[in-house]
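Participant: Just a sequence and a predicted model for now, questions to come.
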There are 2 protein chains.
Amino acid sequence: MGRKKVVLKRIEDKSSRQVTFSKRRSGLIKKARELSVLCDVEIALFVFSSRGKLYEFSSGNSLSKILDRYQSRFHVEMNESKGLNDIETQLMLESIMGLHEKERMLREEKKLLQRKIRAVQDTKDRTEVVLGLIKHSNNQLAHPPQLETLSLLP
Amino acid sequence: MGRKKVVLKRIEDKSSRQVTFSKRRSGLIKKARELSVLCDVEIALFVFSSRGKLYEFSSGNSLSKILDRYQSRFHVEMNESKGLNDIETQLMLESIMGLHEKERMLREEKKLLQRKIRAVQDTKDRTEVVLGLIKHSNNQLAHPPQLETLSLLP
DNA sequence: GTGCCTATGTATAAGCC
DNA sequence: TGGCTTATACATAGGCA
């Protein structure tokens, strides 16, 4: 799927290998998601970069429900100050908290972006209404509209 | 990739769903294998059919090695001496994984939204250029612009 | 269900910023 | 660096046997 036929062998050039990894990894995850949705099956996919970073996809219907339940129970336990004092466990907790915070912030950003889209769309719509009025008005007054430029409009 | 564009939604017809599952499952596994070879990375893929049958692919290293790596990403030792039992620790790790995935997906959504904003802004800009032309043209022809409506514009 | 066929939609190797 | 574009290779939906 590219300019050249690909040979199934480790790509030796580091840069090309990185680019291919990035492209194919996202393609693979996309296809995993499609398969899980189209065929209503559960899928778990783990991809580790050579530097150890993990990229994963999991459809987990039942799994995610279990996790949600687990997470809420987990927060309750936190509030009740159950004895979780092991240093590594603490680090893990902070990791979870940090991720929840990140998620919250990203959702905020998403809301703002969507609001912005609506705003821009609104002014665009109003502008087009005005254009419609102008066009109509020009026709009514039998002015041959010098407005071929209108064809520029989407 | 077929006679028709596919809609990302569960295929309701059982027979088609089964055929698609079979085709796409092998395609997915093939691509997972290609990625692992071309980019020299480790991959584990699990697909559960709706009847519970497991189809899996995992690159070179044994599954257990990959899972070990998955678990050790947060420097957590999976043993009884750490105060949490295996199930709880496992669930917590999976919870972290889920959050990472959420974060990734939110970032992607954000990118898409920003792209959308740019697109809408572009058509808006073009529309306003046209309006400018019209206004100019009307003035040139000494038509008192019946265009107070223009004040609606931002 | 199983396998091929082929038209068509997708993924992606290169290349250009 | 990462996005975007283009030409091509690939995957696969719908058919048919």
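Facilitator: Okay, I see it.
Participant: domain assignment for chain A?
Facilitator: With domains defined by automatic domain parsing, chain A comprises A:15-60, A:62-133.
Participant: Return the member of these having the minimum mean pLDDT.
Facilitator: Lowest mean pLDDT within those: domain A:62-133, at a mean of 56.
Participant: Could I get the pLDDT score of A:Arg3?
Facilitator: pLDDT, read off for A:Arg3, is 92.
Participant: same question, A:Asp13
Facilitator: So A:Asp13 comes in at 91 (pLDDT).
Participant: Can you get me a residue count around it?
Facilitator: 9 (other C-beta atoms under 10 Å in any protein chain shown). Every C-beta, even on glycine, is put in place using the N, C-alpha and C of the backbone.
Participant: And the one 3 residues further on, by the same measure?
Facilitator: The number of residues packed near A:Ser16 is 12, by other C-beta under 10 Å.
Participant: now swap in A:Ala44 and tell me
Facilitator: A:Ala44: 20 neighbours (other C-beta under 10 Å).
Participant: ok, it to chain B distance?
Facilitator: 4 Å (C-beta to the nearest C-beta, to the nearest Å).
Participant: same question, A:Glu42
Facilitator: Counting by C-beta to the nearest C-beta, the gap from A:Glu42 to chain B is 5 Å.
Participant: Ok, A:Lys4 next?
Facilitator: 13 Å.
Participant: just A:Leu38 next, same as before
Facilitator: 5 Å.
Participant: Is it correct that that residue falls within a helix?
Facilitator: Yes: counting by DSSP: H, G, I helix; E, B strand; the rest coil, A:Leu38 falls inside a helix.
Participant: Name the nearest residue to it, ignoring sequence neighbours.
Facilitator: Excluding the flanking residues, the one nearest A:Leu38 by C-beta to C-beta, 6 or more residues apart in numbering or on different chains is B:Ile11, at 5.3 Å.
Participant: so the one you found makes contact with B:Val19?
Facilitator: No: here B:Ile11 lies out of contact with B:Val19, judged by C-beta atoms under 8 Å, at a distance of 9.1 Å.
Participant: what does chain A put close to DNA strand D?
Facilitator: By C-beta under 7 Å from any atom of the strand, the residues of chain A that approach DNA strand D are A:Met1, A:Gly2, A:Arg3, A:Lys4, A:Lys5, A:Val6, A:Lys31.
Participant: Show me which of those is closest to chain B.
Facilitator: A:Lys31 (5.3 Å; C-beta to the nearest C-beta).
Participant: so how many other residues sit close to that closest one?
Facilitator: 18.
Participant: partner strands of the strand ranked longest in chain A, parallel or antiparallel?
Facilitator: Looking across chain A with DSSP state E, the single longest strand is strand A:42-48. Applying DSSP bridges, strand A:42-48 is found paired with strand A:54-58 (antiparallel), strand B:42-48 (antiparallel).
Participant: CA atoms only for that strand, dumped as CSV, please.
Facilitator: Output of strand A:42-48 as CSV, limited to C-alpha atoms (Å, rounded to 0.1, in the frame of the first residue of the first chain):
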residue,chain,number,x,y,z
GLU,A,42,-13.8,-8.2,22.3
ILE,A,43,-10.2,-7.4,21.3
ALA,A,44,-7.1,-6.6,23.2
LEU,A,45,-4.0,-5.3,21.4
PHE,A,46,-0.7,-4.4,22.9
VAL,A,47,2.1,-2.9,20.9
PHE,A,48,5.5,-2.1,22.6
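Participant: Report whether that strand contacts DNA strand C.
Facilitator: No: on the criterion C-beta under 7 Å from any atom of the strand, strand A:42-48 is out of touch with DNA strand C, staying 12.3 Å away.
Participant: ok and the residue in chain A nearest DNA strand D?
Facilitator: Proximity to DNA strand D, evaluated over chain A using C-beta to the nearest atom of the strand, is greatest for A:Met1 at 3.3 Å.
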